[in-house]
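A.B. asks: for reference, the sequence and a predicted model appear below.
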2 protein chains.
Amino acid sequence: MQLTSYTDYSLRALLYLGTHQGRLVTISEISEFHGISRNHLVKVIHNLGKSGLIQTVRGKSGGIRLAHKPEEIILADVVRLTEPHMNIQECFSRETNTCPLIDSCRLMGVLYKARSAFMQVLEEQSLADIL
Amino acid sequence: MQLTSYTDYSLRALLYLGTHQGRLVTISEISEFHGISRNHLVKVIHNLGKSGLIQTVRGKSGGIRLAHKPEEIILADVVRLTEPHMNIQECFSRETNTCPLIDSCRLMGVLYKARSAFMQVLEEQSLADIL
């Protein structure tokens, strides 16, 4: 059970921006600090920008910065944005499900409850809490 | 974020054995009912047997059965047994970690807490609860 590296990189980029507020940061800078490939990071930053979590300033001395105060960026929102899905098991999606027990099995309910407990912890934490 | 199909198949096999107590079950039977490849299932059953969760009776009319009452099989124990690791992010393991923030980052603590909340739900549920 793990989060994708896409989520990992998104959280690391936000952490970097959170600790370097008050100035514009470049993707190369985050790439170097975290040892993450620049190509991966470009996609991560594009996605964070599209979702309104970060702002991009174009131009020669351009760069990126947080679009909100760290206390307004809730970790659960970031994870929901960056994880491709939150299907703990294949039965969470009727499209991928192959299990014949889908309509009667109680395991799904237990796993839903476990996922909710996981997410609840992240609902209560903002980027400010982890800086 | 998801559990591996290995865990999925293990839980499905235990569910099948739990609903067919009082007789020996064959791997082919579970494979057919669940539409899981027999090869995959052989590995799953071997692992469940090695861990003492199920018993194998050899011979012509042999088969497998639960080694314990369903109420004694705790879902958290099954998941811990079948998941290759519970590293929500790479920093959960010093061997795989590449993040330079590992010793100061508070995100890891938050993710540990979220994982514990997830597992706590499974600690409170047995196979009997989901039959």
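C.D. replies: Yep, that arrived. Bear in mind the structure is a predicted one, so any value in this text is a computation, not a measurement.
A.B. asks: quick one: the helices in chain A, in order.
C.D. replies: A:5-19, A:27-34, A:38-50, A:75-82, A:107-123, A:127-130 (DSSP state H).
A.B. asks: let me know whether the last one sits next to chain B.
C.D. replies: Yes: under the criterion of C-beta under 8 Å from any C-beta of the partner chain, chain B is reached by helix A:127-130 at A:129-130. Glycine gets a C-beta too; all of them are placed from N, C-alpha and C.
A.B. asks: give me the distance from that helix to the chain's centre.
C.D. replies: In terms of C-alpha atoms, centre = their mean, to the nearest Å, the gap separating the centre of helix A:127-130 from the centre of its chain is 14 Å.
A.B. asks: ok, the fourth one next?
C.D. replies: What separates the centre of helix A:75-82 from the centre of its chain is 4 Å, taken as C-alpha atoms, centre = their mean.
A.B. asks: got the angle between it and helix A:38-50?
C.D. replies: Here helix A:75-82 runs at 120 degrees with respect to helix A:38-50, directions being taken by axes from the mean of the first three to the mean of the last three C-alpha atoms, to 10 degrees.
A.B. asks: show me which residues of helix A:75-82 are buried.
C.D. replies: The neighbour-count check on helix A:75-82 (16 or more other C-beta atoms under 10 Å in any protein chain shown) flags A:75-76, A:78-79, A:82 as buried.
A.B. asks: near chain B, which of the residues you listed show up?
C.D. replies: Among the buried residues of helix A:75-82, chain B is touched by A:75, A:79 when using C-beta under 8 Å from any C-beta.
A.B. asks: and the buried residues of helix A:75-82, which is closest to chain B?
C.D. replies: residue A:75 (6.6 Å; C-beta to the nearest C-beta).
A.B. asks: residue contacts, that closest one?
C.D. replies: A:11, A:122-123, A:125-127, A:129-130, B:107, B:110 (C-beta atoms under 8 Å, 6 or more residues apart in numbering or on different chains).
A.B. asks: at 10 Å instead, please
C.D. replies: Contacts for residue A:75 (C-beta atoms under 10 Å, 6 or more residues apart in numbering or on different chains) come out as A:11, A:14, A:119, A:121-127, A:129-130, B:107, B:110-111, B:114.
A.B. asks: now those residues: which count as buried?
C.D. replies: A:11, A:14, A:119, A:121-122, A:125-127, A:129-130, B:107, B:110-111, B:114.
A.B. asks: let's have the helices of chain A in CSV, adding mean pLDDT.
C.D. replies: Formatted as CSV, those follow (pLDDT from 0 to 100):
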stretch, mean pLDDT
helix A:5-19, 93
helix A:27-34, 93
helix A:38-50, 95
helix A:75-82, 94
helix A:107-123, 93
helix A:127-130, 95
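A.B. asks: out of those helices, the one nearest residue B:53 is which?
C.D. replies: helix A:107-123 (15.6 Å; C-beta to C-beta).
A.B. asks: and the angle for the closest one with helix B:107-123?
C.D. replies: Using the same axes, to 10 degrees: helix A:107-123 against helix B:107-123 is 150 degrees.
A.B. asks: quick one: helix A:107-123 to chain centroid distance?
C.D. replies: 17 Å.
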